[in-house]
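J.: what shape does this take:
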Amino acid sequence: MKPTFNLSLRYKLPIWGALLITITTLAISLALTTGIYSRVRENIAVNALVVAKAVESSLLPALANDDIWIAYQSLAWLAGIRHSTHVATIHPHNLLVVDENQRIVVSTRPKQFRMFAALNEIDPEYRRVAALLPDAPSPDLKEIDLPDTEYFYFVRRLSHDGATLIISYPRQVMTDRFNVIVVRSALTGLLALLLLLPLSWYWGRKISLPLADIAGRIRSLTGVSAPKAGSAARSQQDEVAQLDDAYWWMLKELESKQLLQDQVVRSERLAAVGQLTAGVAHEINNPLSGMLTAIDTLKEYGQGDFRTMKTIGLVERGLLQIKEIVGALLVQANAQGRSLERDDIEDIRVLTKLQADKKRLDFAVTHEMPASVPIPAIAVRQIMINLLLNALQAAPERGSVTLRVAANDTSLEILVCNSGEPIPPDRLPGIFEPFFSKSRAGLGLGLWVTYQIVSQLQGRIQVERQAELTCFSVNLPMVPPP
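T.: Residues are numbered from 1 along each chain as shown. Sure thing, here's the model as predicted:
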């Protein structure tokens, strides 16, 4: 059966159409045959009723006058009718009348059914009929269908004095009539098949040939070869299955093309950022070097108090951070410099608290770390500042922003959360690309720079929604600075 499913549509559609027409014709013929059998039985019963009524009108007066000869002639005449307009062409085998004692009064076959002979003495079959005769007159005709007999029997009580009419029909009559009608039905069905099968074949081919042509053209365009007949890759290998294979192949190719286009666009953006920052970096590095030199001179020869020297140290760390930012924009930042200390966490809190106070935010900075962690401080400071600035911009008035820093023996964990509007899921894949920004005030470089720094430190960064908060989490391995 499976090879039939794997045939080309140009063969399968006509074959299945022909099979469907054949099954339909057989089913209709079977239903008609069943109905014909029932109608033949009904015709015999109707014929028996017509005969009984015809007999009654002429037989009862003769029996009332004890004129047996007239009664016999009435039965014989009725049994000999052929092609009557009132009586169907189904002819009874025998008609006989018995009295109240079930003795034969008259019969169309007097040699076999002798006058005044007891009905139950004729033969065993009529003994069974005698046991089922009605006891009272009735306008209805009673059918007696005895199994394993050659005849159908119909009986009717004619009068109150016990006269009963018995009509017998050979079963062969029903069989012959049934066979004739079945043969006619079969010939009609065969004629319908002879007319419909060529039409089915023609329309099946007409419909399937364009599909086969389309499947062939798509295979030539996609390079997908036609499946072999013995291939087990699919349950079917016709043109519809081939079109389905071609569709999924093209969909996969389009997705690959879209991914390639996205990668090209991303590369172009990175190239544009690199060209932009390359020109800016040179102009920034010169004044930075001068300011750092000035601060070194001030620290060496200055006479400022403790608060002044602490502020100068904060400015120095900020300028060093700017220098590292320039390196990150050039994607050339080497993870080097001093190790991260607790004072760096405090510096970040001081630098960002003013912006948090302007929006009256619930701002909290916590940490669980030793005095020093072997991770480049400048790079980590830039990561935390970028994430905090983004969180402060995204948080609504009187919202919340938190920074939590925790260190263990192998890594440093940074978690920055804000209560701002969540990032749409469709924008999450490009959140770390350059020029991605939800704020009109930003350029969209902060998260990209952060991502570059985290990558240089061999760490991981991800964003997720936790309850009502948007959280950026960073994991940095403990790598001592060179």
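
J.: mind checking the SS state of residue 34?
T.: Three-state secondary structure (criterion: DSSP: H, G, I helix; E, B strand; the rest coil) places residue 34 in helix.

J.: and for residue 109?
T.: Here residue 109 takes the coil state, with states given by three-state DSSP.

J.: check contacts around it.
T.: Residue 109 is in contact with 94, 96, counting by C-beta atoms under 8 Å, 6 or more residues apart in numbering. C-beta here means a position set from N, CA and C on the backbone, and glycine is covered the same way.

J.: any idea how far it is from residue 119?
T.: When C-beta to C-beta, to the nearest Å is the yardstick, residue 109 and residue 119 sit 13 Å from each other.

J.: try residue 140
T.: Looking at residue 140 against residue 119, where the rule is C-beta to C-beta, the gap reads 21 Å.

J.: who has more neighbours out of these two?
T.: Counted by other C-beta atoms under 10 Å, residue 140 and residue 119 do not tie: residue 119 has more neighbours, with 22 against 10.

J.: so the more buried one touches residue 131, yeah?
T.: No: with the criterion set as C-beta atoms under 8 Å, residue 119 and residue 131 do not qualify as a contacting pair; they are 9.8 Å apart.

J.: which neighbouring elements make contact with whichever helix or strand residue 19 is part of?
T.: Secondary structure assigned from DSSP states H and E places residue 19 in helix 9-64. Using 3 or more C-beta pairs under 8 Å, 6 or more residues apart in numbering; DSSP states H and E as the contact test, the elements touching helix 9-64 are helix 2-5, helix 68-79, strand 94-98, strand 151-157, strand 164-170, helix 171-222.

J.: weakest of these in terms of mean pLDDT?
T.: Taking the mean pLDDT of each of the helices and strands packed on helix 9-64, the lowest value is held by helix 2-5, a mean of 50.

J.: just to revisit the earlier point, columns distance to residue 446 and mean neighbour count on top of the helices and strands packed on helix 9-64, output as CSV?
T.: Conversion of those to CSV gives the following (distance: least, C-beta to C-beta, whole Å; neighbours: other C-beta atoms under 10 Å):
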stretch, distance to residue 446, mean neighbour count
helix 2-5, 60, 11
helix 68-79, 115, 18
strand 94-98, 114, 23
strand 151-157, 102, 22
strand 164-170, 105, 22
helix 171-222, 44, 14
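
J.: take those and write them to CSV, including distance to residue 340.
T.: As requested, the helices and strands packed on helix 9-64 are exported to CSV (distance: least, C-beta to C-beta, whole Å):
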stretch, distance to residue 340
helix 2-5, 68
helix 68-79, 125
strand 94-98, 122
strand 151-157, 111
strand 164-170, 114
helix 171-222, 56
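
J.: so for residue 429, which of those sits nearest?
T.: For residue 429, the closest of the helices and strands packed on helix 9-64 is helix 171-222, at 28.6 Å, according to C-beta to C-beta.

J.: what's the distance between the closest one and the middle of its chain?
T.: Here the centre of mass of C-alpha atoms in helix 171-222, compared against the chain's by C-alpha atoms, centre = their mean, to the nearest Å, lies 32 Å away.

J.: repeat that for stretch 395-407.
T.: Relative to the chain's own centre, stretch 395-407 is displaced by 46 Å; criterion: C-alpha atoms, centre = their mean.

J.: buried stuff in it?
T.: If you call a residue buried by 16 or more other C-beta atoms under 10 Å, then stretch 395-407 has these buried ones: 395, 399, 400, 401, 402, 403, 404, 405, 407.

J.: from residue 351, how far off is the first one?
T.: To tie it back to what came earlier, the one meant is residue 395. Using C-beta to C-beta, which is the criterion applied here, residue 395 is 17 Å from residue 351.

J.: surely residue 461 and residue 472 touch.
T.: Yes: shown here, residue 461 and residue 472 form a contact pair, counting by C-beta under 8 Å, at 6.7 Å.

J.: now, the buried residues of stretch 395-407 that are in strands?
T.: Within the buried residues of stretch 395-407, membership in strands is found for 400, 401, 402, 403, 404, 405, 407, as judged by DSSP state E.

J.: count of neighbours near the nearest residue to the last one once chain neighbours are set aside?
T.: Same thing as residue 407. Spatial nearest neighbour of residue 407, excluding adjacent residues (C-beta to C-beta, 6 or more residues apart in numbering): residue 369 at 3.9 Å. If you count neighbours by other C-beta under 10 Å, residue 369 ends up with 16.

J.: got it, and the one 5 residues further on?
T.: Number of residues near residue 374 (other C-beta under 10 Å) recorded here: 13.

J.: now do the one 5 residues further on
T.: Applying the criterion other C-beta under 10 Å, we find 29 residues in the vicinity of residue 379.

J.: wait, a strand at it?
T.: No: looking at residue 379 with three-state DSSP, it is helix, so not inside a strand.

J.: now it. Nearest residue, chain neighbours left out?
T.: Setting aside the residues directly before and after it, residue 379 is nearest to residue 453 in space (C-beta to C-beta, 6+ apart), at 5.1 Å.

J.: can you pull the pLDDT of the one you found?
T.: At residue 453, the predicted lDDT confidence score is 85.

J.: please tell me how far it sits from residue 427.
T.: Taking C-beta to C-beta as the criterion, residue 453 is separated from residue 427 by 22 Å.

J.: compare those two (neighbour count), which wins?
T.: Summary of the neighbour comparison: residue 453 and residue 427, criterion other C-beta under 10 Å, with residue 453 having more neighbours (27 against 10).
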